[in-house]
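[1] This is the structure alone, sequence omitted:
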């Protein structure tokens, strides 16, 4: 009897002590900052689909500005002010057009064969099969402008005509999975009618599947083009071969674009706008974007703080300076010493003390994981 | 009339010398035994003879022609070599295995000819392995396999047959079978047979001449009964043996045990 | 089965063996033809068999002609070529290393080739001299280096043991894998995408331009292998014994390594690294017909070609989404590798 009592008391004591220890240590953890938390840096999130050469890039730039710097310095600037600022205009708004209007209802589009530019003559297109969300996003913005709705708003979603028209243009290509994880577009069209091509890059797009998708999209008499990134080198994908296949399967052409900076983003908006019959919205859209971009640019000229940033993608590596994210880093004039394109170890980050940490909104990792705590 | 001439052969690995100034001659029709303890350089000597290893010094000639200057095929036409071990990783049939021996007699793109099949058949017949011809080599016992290897060396139609421990790991009655086969071949075909062995009993009974090797040097050489003497046994092998002529078997070696003098020496070494 | 007693018995045995060989080669060749026709009929573009075969000869509408003649046919041909090449390469390596576990992937040869090719892709090395063939040439060079390296490390005075062979394959493979990762790390986005695509092994980029890129080295490699078939038999039964029977083992070894490198390089240049084909196919046929190369080489050519064509067709059209065939062969190959380890212990470890 006696021993049992002792055992019981001991057990109770052990439990109490253990529980106390656990609570204490948890409190401790809450108090003590670890990993990148110790930097006390401003943590900012940005949509990954927003860092592409679509109109959304300006949304993202505005978002980053307001998160990090706050209010714009002057909200009344116009496109005329932007044009007058030649440094800005030459760097960010001057581009080689990717499309020219022939005046007879046809256009000349500058595509590539992987070695150099090629000209393609096309009429107005009805549908696209594309291997990138950039073009889907651009088309969405153009259609929203046509119906005078704010992109991604409740009203835009409720506008049946808008959704139906978008649905029609976006015939297929990029996987639905990829669209839903990288953009907010997934709700804006009917997934059942979409032709999932099973690939997110041209090199993974099975050639016969591509041909079949083109054929399916054009079976109702629609004019279909393939729009894909042509940045790949010639040895990788045989672009003329893909183009021939697209044409043979009933499509109009394969158009391969290389869009890696802000001016080219404007050029590609122009291209898609004219090609899909939204020509009249191209100029107002581009002007609006340029004006908004200039407001941010102007405000940045008037700050003397230089932020040091660390910008990490969802796989734990730094973004690359060569892509669109690098273009943004350059636009803001941030200290890019931590933008290496590879892994950056925690010690380096702690030593370099960036004051801004940027992550993507679709990063699946927990906050502690991201902050390496 | 084939004559094998080994002149002044030396061989060494970087760390140690294996053979020192080995020199002897051998002629057609004889069975020459090379005896010695493990690691004395017997097998190395055999490999120097057929140029698998090239001697550091000295020369091996067959009928006056240096083996080193011959092509691999030429060497194979002159001498067959039966090794201690056989690989059975990829089990060919006995027929295929023996047919491989015809390689040195065929041209680069030749296929099997009627003549080749006849010669293979004859070799299988001679070695008593004909009944296994369609079996896979890994299904055979060690003794059977060894005989297949001899058949394979025979189809090379060589004048010289080099055998490395042909009786190793065989049952005692297979050992005698095999040695009888070898004797028969030497007598019937007039081949020169060089056998490396550490089995003194068999060497005494079957070899015409014996070369005893100790630490890479020839310790004794001559007709079998002159080399395998009680004194030589003690000197070279550190064993006590009785050697006598038995009318039933010829020269007979009876091993009595380890040499006394030697165990004395061991004890002294251990003490110091 | 009656025992062989006389010369007639031998003749009878040879006749039977020859009949068996003709049946095996004929059967496999027939299987190859059937597989080829079937693979031409299935794909992601909907065509009836008659449309496909008319399309190949330019009859029918432009879409079908383009897809059948310029998309499907070259892809199936490339798969066949690569399947044959990898099987023959695997066979040669197994004989050379006297080990049924040897194959281009297991011994890191494919990784070496990958490295060579990724250097060509990312930095354009060799493009000036060899043009479109630079990827193949670099793949070949590194194939050869890797194979010679593995061979040199694994070979000791006492022969090649499975343990040292597999371990040196693992080590050398890991080293080149590391180098590929390094190249990936420093490569720009486009090159990176291509290298990744390429390390997975796929025929999606094959068209008529790829056919000669694959065909020339593979044909050379296979012809060289065929020419040394007798020597390979003898070497596979033991190098030293082969030397005793008159084989110039050093020369054969060099020819075999060059032939294998050509086969692997041609494959890698058009399809990237496709694993385990070189392990599975020679092994299966050796179990069926024994180790004689005279028989195994044609069987591996037809069987390997048929196998990879079928695998590729399944990978591209068998599931809702098409994926790289290399993924499929690895999924099949790894369990097969374990199966060989477990069931054929004696041969593997001897």
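    Structure received. Computed from a predicted model, the values in this text were never measured in an experiment.
[2] Give me the pLDDT for residue 132.
    Answering for chain A, as no chain was given. In the predicted model, residue A:132 carries a pLDDT score of 85.
[3] look at chain C instead
    As predicted, residue C:132 sits at a pLDDT of 69.
[4] Up against chain A, what does chain B have?
    For chain B, no residues are found near chain A under the criterion C-beta under 8 Å from any C-beta of the partner chain. For the C-beta atoms, the positions are set from N, CA and C on the backbone; glycine is no exception.
[5] Could I get the full set of strands for chain B?
    For chain B, strands defined by DSSP state E occupy the ranges B:3-12, B:17-27, B:31-36, B:57-62, B:65-66, B:79-82, B:160-164, B:192-197, B:209-214, B:217-223, B:239-246, B:250-258.
[6] Is the shortest one positioned near chain C?
    No: Strand B:65-66 does not reach chain C (C-beta under 8 Å from any C-beta); its nearest approach is 15.9 Å.
[7] again with the longest one
    No: Strand B:17-27 lies apart from chain C when judged by C-beta under 8 Å from any C-beta; the minimum separation is 12.7 Å.
[8] So which bits of that strand are buried?
    Taking 16 or more other C-beta atoms under 10 Å in any protein chain shown as the neighbour-count basis, strand B:17-27 is seen to contain the buried residues B:18-20, B:22, B:24, B:26.
[9] again, but for the fourth one
    If you call a residue buried by 16+ other C-beta under 10 Å, then strand B:57-62 has these buried ones: B:58, B:60-62.
[10] Now do the same contact list for the nearest residue to residue A:91 once chain neighbours are set aside.
    The shortest distance from residue A:91 to any residue other than its chain neighbours is 8.0 Å, reached at residue A:263 (C-beta to C-beta, 6 or more residues apart in numbering or on different chains). For residue A:263, the contacting residues are A:91-95, taking C-beta atoms under 8 Å, 6 or more residues apart in numbering or on different chains as the criterion.
[11] The residue of the stretch 101-250 of chain C found nearest chain B: helix or strand, and which one exactly?
    Of the residues in the stretch 101-250 of chain C, the one nearest chain B is residue C:246, at a distance of 3.1 Å by C-beta to the nearest C-beta. Using DSSP states H and E, residue C:246 falls within no helix or strand.
[12] Could you list the low-pLDDT ranges of the stretch 251-350 of chain C?
    C:344-350 (pLDDT under 70).
[13] could you pull out the helices for it?
    Applying DSSP state H, counting those that start in this stretch to the stretch 251-350 of chain C gives helices spanning C:277-289, C:293-317, C:325-343, C:345-349.
[14] Of all pairs in the buried residues of strand B:57-62, which one spans the longest distance?
    For those, with distances taken as C-beta to C-beta, the pair at the greatest spread is B:58 and B:62 (14.5 Å).
[15] show me the contacts for the residue in the stretch 151-272 of chain B positioned nearest to chain A.
    The minimum distance from the stretch 151-272 of chain B to chain A, using C-beta to the nearest C-beta, falls at residue B:152 (51.9 Å). Listed by C-beta under 8 Å, 6+ apart, the contact partners of residue B:152 are B:80, B:82, B:97-98, B:100-101, B:123, C:245.
[16] can you pull out the helices in the stretch 1-150 of chain C?
    Secondary structure of the stretch 1-150 of chain C (DSSP H, counting those that start in this stretch): helices located at C:7-41, C:49-56, C:62-65, C:73-96, C:109-123, C:127-130, C:134-154.
[17] picking that back up, so which of the helices of the stretch 251-350 of chain C comes closest to residue A:352?
    Set against residue A:352 and scored by C-beta to C-beta, these come closest in helix C:325-343, at 39.5 Å.
[18] Report the contact partners of residue C:97.
    Under the criterion of C-beta under 8 Å, 6+ apart, the neighbours of residue C:97 are C:107, C:151, C:154, C:160, C:165.
[19] Can you tell me the number of residues neighbouring residue A:7?
    Here the number of neighbours of residue A:7 (other C-beta atoms under 10 Å in any protein chain shown) works out to 10.
[20] give me the element it is part of.
    Element membership for residue A:7, per DSSP H and E: helix A:2-31.
[21] now that helix: mean pLDDT?
    If you average the pLDDT values across helix A:2-31, you get 73.
[22] I'd say residue B:245 and residue B:224 touch.
    No: shown here, residue B:245 and residue B:224 do not form a contact pair, counting by C-beta atoms under 8 Å, at 11.4 Å.
[23] Which one's more surrounded, the two?
    Set residue B:245 next to residue B:224 and count neighbours by other C-beta under 10 Å: residue B:224 wins out with 22 against 9.
[24] Where does residue A:109 fall, secondary structure wise?
    Take DSSP H and E as the rule and residue A:109 turns out to sit in strand A:107-112.
[25] what's the angle between the helix or strand following that strand and strand A:107-112?
    Read in the C-terminal direction, the helix or strand following strand A:107-112 is strand A:117-122, with elements assigned using DSSP H and E. Interaxial angle, strand A:117-122 versus strand A:107-112 (axes from the mean of the first three to the mean of the last three C-alpha atoms, to 10 degrees): 150 degrees.
[26] Same question for stretch C:251-259: list its buried residues.
    Residues of stretch C:251-259 classed as buried by neighbour count (16+ other C-beta under 10 Å): C:252-253, C:255-259.
[27] With stretch A:188-207 instead?
    Applying 16+ other C-beta under 10 Å to stretch A:188-207 flags A:188-189, A:194-207 as buried.
[28] Quickly name whichever of those is closest to residue C:281.
    Nearest to residue C:281 among these is residue A:206, at 24.7 Å by C-beta to C-beta.
[29] Phi and psi next, for that closest one.
    Reported as degrees, to the nearest 10, the phi and psi values for residue A:206 are phi -60, psi 130.
[30] Surely it and residue A:199 touch.
    Yes: at 6.9 Å, residue A:206 and residue A:199 qualify as touching, with contact defined as C-beta under 8 Å.
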